[in-house]
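Engineer: here's my sequence, what's the structure:
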Amino acid sequence: MNRFFFAAFLAAMVLTLSGCEKKEAMWYDEYPIVAHALGNSGGESENCLEGFNWSYENGQRIFECDFAQTSDGYLVLAHSFSETGQEGIDDDHIPTLETFLNTPIDGQFTPLSLDDLLTLMDEHPDMRLVTDFKSGDEEVTRTQFEIFESAVRKAGGDELKNRIIIQLYDEAELAPVKKQGPWGGYIFTLYKRGFEKTEEDFESVASFCRRNGIDVLVMKKGKWSSRYAPIAKRYGIKVYPHTIYTRWEAERMIRSKADGAYSNSVLPSEYEELKKIGPRWYREGGGVFAAVSDKAGAEAAYASGKKCVMPESPDPETVTSLLKEHGDLFVGVYFDEELMASLVSENGDTSYLQRLVIFTKKLKIFKNLKKQIFWCDIVYDAQGLIKDEKSFDDTLDDAKEAGMSVVAIDQQSWRDEYRALITPGDVQVYIFETGLIR
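Structural biologist: Below is the predicted model of the structure:
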């Protein structure tokens, strides 16, 4: 081999090997969940030490938090002072740093300052932070960010900046933030910009993100649709809707091809587990619930091949025994708070609840449910609400906003023209008499 061909051979090898180098994994490649407001253990309190500790101990590593400014000019973690639940503190009575830190959140949880947060980052070197400065006043937001950047620079400089992802709310915010960089990444959120719920508007946002090196887009869960997924993929953008609280909300995110989500209480491990769970009740066993009077009727229906039953007057013992004795049986019940409380044991195995289907006419049902029944399926019973195409479309939107995966209606309310309003991968429509609309 002469020198010319040898040199060419080496150059080709270098190019081949460099092309085979493994791309460095980004945070969104590893973590499908961003811990909203530092996360919590299923309670209501946010931006507190206890929520962070619970989330971190359960595998969370990406944490978002909110910032507010005290009367003496310090940054603390709070969505707003009126929402912290601290005695004597609200947006009309803004505290000093000392007062804020010495007043428990909801009377029991530990409030945090920016310095406390940076200390947590120092103590947990694998932790990453997503910022949230969403003051309605641009000057206030700019001042808060300058305080934040100065504190980060003093606490850890570039190493710390590389673990902080800056969340932006407006196209105009990007240039001044990048001047303070480099940071560990950028997120663009539609929280304040608004979104027209069209493919054209989504593509406009995705294009802006791609041109400006922004990898992640955040939008309200009720506005995310599977029809935007191909556009996001084409522009190389990851989408993380917010904020999800329950298993059935997480399931819709997965089915609609979102890349992840912001959540207070859904853990990365649970999100990954949901991807592995087999077909749900509406995709197997006929998908139509057989009305039965009692356990004996349910057993007879199961023996005849029915895989979905709905007892007329369910009691905890009947529901539990049916689910535990038949691993492929789904049991439907109408929501009753006492029944739900009786079905769950704090320390018991509740995996069988993956096959419990709760029907409800209340869109805000998740506020009544504890994390222990996180795995149940929830169906929005919209019988009697559908009158025309507009009311059908509005009902689907309401269900999406509440995080519901399935809307159930009766056969009499269904019209074939509604089919065009259903987006594959989003909220599914179930007809009681015939099953899921395909």
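Engineer: in stretch 352-368, what's buried?
Structural biologist: 352-360, 365-366 (16 or more other Cβ atoms under 10 Å). C-betas here are computed from N, CA, C, even on glycine.
Engineer: do stretch 414-428 as well
Structural biologist: Result for stretch 414-428 [16+ other Cβ under 10 Å]: buried residues 414, 418, 422, 425-428.
Engineer: and for stretch 282-302?
Structural biologist: Result for stretch 282-302 [16+ other Cβ under 10 Å]: buried residues 282, 285, 287-290, 292, 295, 298-299, 301-302.
Engineer: quick one: residues in contact with it.
Structural biologist: 278, 281, 305-313, 318, 321-322, 326, 328-332, 357, 406, 428, 430, 432-436 (Cβ atoms under 8 Å, 6 or more residues apart in numbering).
Engineer: mind checking how far that stretch is from the chain centre?
Structural biologist: Centroid separation for stretch 282-302 versus its chain: 32 Å, with Cα atoms, centre = their mean, to the nearest Å.
Engineer: and that stretch, what's its mean pLDDT?
Structural biologist: Taken as a whole, stretch 282-302 carries a mean pLDDT of 88.
Engineer: try stretch 124-143
Structural biologist: On average, stretch 124-143 scores 88.
Engineer: and the end-to-end length of that stretch?
Structural biologist: 27 Å (Cα to Cα, to the nearest Å).
Engineer: again, but for stretch 185-202
Structural biologist: Stretch 185-202 has its terminal residues 21 Å apart, counting by Cα to Cα.
Engineer: quick one: residues in contact with that stretch.
Structural biologist: 26-27, 130, 134, 165-171, 174, 177, 205, 208-209, 212-220, 223, 225, 227-228, 231-232, 240, 242.
Engineer: in helices, which of the residues you listed fall?
Structural biologist: Residues of those located in helices (DSSP state H): 27, 174, 177, 205, 208-209, 231-232.
Engineer: just to revisit the earlier point, now list the buried members of the contacts of stretch 185-202.
Structural biologist: Here the buried ones among the contacts of stretch 185-202, as counted with 16+ other Cβ under 10 Å, turn out to be 27, 130, 134, 165-169, 174, 177, 205, 208-209, 214-219, 223, 225, 227-228, 231-232, 240, 242.
Engineer: now stretch 78-88: buried residues?
Structural biologist: 78-79, 81, 83-86.
Engineer: same question for stretch 338-346.
Structural biologist: For stretch 338-346, the neighbour count (16+ other Cβ under 10 Å) marks 340, 343-344 as buried.
Engineer: just stretch 103-116 next, same as before
Structural biologist: 103-105, 109, 111-115.
Engineer: returning to that earlier point: quick check: the farthest pair among the ones in helices among the contacts of stretch 185-202?
Structural biologist: Farthest-apart pair in these is 177 and 231; separation 25.0 Å (Cβ to Cβ).
Engineer: could you tell me which of the buried residues of stretch 414-428 belong to strands?
Structural biologist: residue 428 (DSSP state E).
Engineer: so which of the buried residues of stretch 414-428 is the closest to residue 50?
Structural biologist: The closest of those to residue 50 turns out to be residue 427 (Cβ to Cβ; 33.9 Å).
Engineer: pLDDT value on the closest one, please?
Structural biologist: So, for residue 427, pLDDT stands at 88.
Engineer: and for the one 5 residues further on?
Structural biologist: pLDDT, residue 432: 90.
Engineer: skipping its backbone neighbours, what lies nearest it in space?
Structural biologist: Leaving out its chain neighbours, the residue that sits closest to residue 432 by Cβ to Cβ, 6 or more residues apart in numbering is residue 410, at 5.5 Å.
Engineer: what about that neighbour, neighbour count?
Structural biologist: Residue neighbour count, defined by other Cβ atoms under 10 Å, stands at 14 for residue 410.
Engineer: residues contacting it?
Structural biologist: So residue 410 contacts 383-384, 431-433 (Cβ under 8 Å, 6+ apart).
Engineer: repeat that with 10 Å
Structural biologist: The neighbourhood of residue 410, defined by Cβ atoms under 10 Å, 6 or more residues apart in numbering, consists of 381-384, 386, 431-433.
Engineer: show me how to select, in ChimeraX, the buried members of these.
Structural biologist: To isolate the buried subset of the contacts of residue 410 in ChimeraX, counting by 16+ other Cβ under 10 Å, use the following:
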select :381,382,386,431,432
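Engineer: okay, and which of the contacts of residue 410 map to strands?
Structural biologist: Those of the contacts of residue 410 mapping onto strands are 381, 431, per DSSP E.
Engineer: rebuild the contacts of residue 410 as TSV, extending it with distance to residue 51.
Structural biologist: Below are the contacts of residue 410 laid out as TSV (distance: Cβ to Cβ, whole Å):
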residue	distance to residue 51
381	33
382	34
383	38
384	40
386	39
431	41
432	40
433	44
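Engineer: which one of the contacts of residue 410 sits closest to residue 50?
Structural biologist: residue 381 (35.9 Å).
Engineer: surely that closest one and residue 334 touch.
Structural biologist: Yes - at 7.8 Å, residue 381 and residue 334 qualify as touching, with contact defined as Cβ atoms under 10 Å.
Engineer: between these two, what contacts are shared?
Structural biologist: Taking Cβ under 10 Å, 6+ apart as the contact rule, residue 381 and residue 334 both touch 358-361.
Engineer: now, which of these sits nearest residue 377?
Structural biologist: residue 358 (6.8 Å).
Engineer: I'd guess the closest one is in a strand, am I close?
Structural biologist: Yes - under DSSP: H, G, I helix; E, B strand; the rest coil, residue 358 sits within a strand.
Engineer: gap between it and residue 337?
Structural biologist: 11 Å (Cβ to Cβ, to the nearest Å).
Engineer: go on, residue 382?
Structural biologist: Distance from residue 382 to residue 337, by Cβ to Cβ: 21 Å.
Engineer: can you pull the domain assignment for the protein?
Structural biologist: 27-276, 281-436 (automatic domain parsing).
Engineer: tell me how far the shortest one lies from the chain's centre.
Structural biologist: Right, domain 281-436. 21 Å.
Engineer: export the buried residues of stretch 414-428 to JSON lines and tack on distance to residue 54?
Structural biologist: As requested, those are exported to JSON lines (distance: Cβ to Cβ, whole Å):
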{"residue": "414", "distance to residue 54": "44"}
{"residue": "418", "distance to residue 54": "43"}
{"residue": "422", "distance to residue 54": "38"}
{"residue": "425", "distance to residue 54": "31"}
{"residue": "426", "distance to residue 54": "31"}
{"residue": "427", "distance to residue 54": "30"}
{"residue": "428", "distance to residue 54": "32"}
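Engineer: now, among the buried residues of stretch 414-428, which is nearest to residue 90?
Structural biologist: Proximity of the buried residues of stretch 414-428 to residue 90 (Cβ to Cβ) peaks at residue 427, which lies at 36.7 Å.
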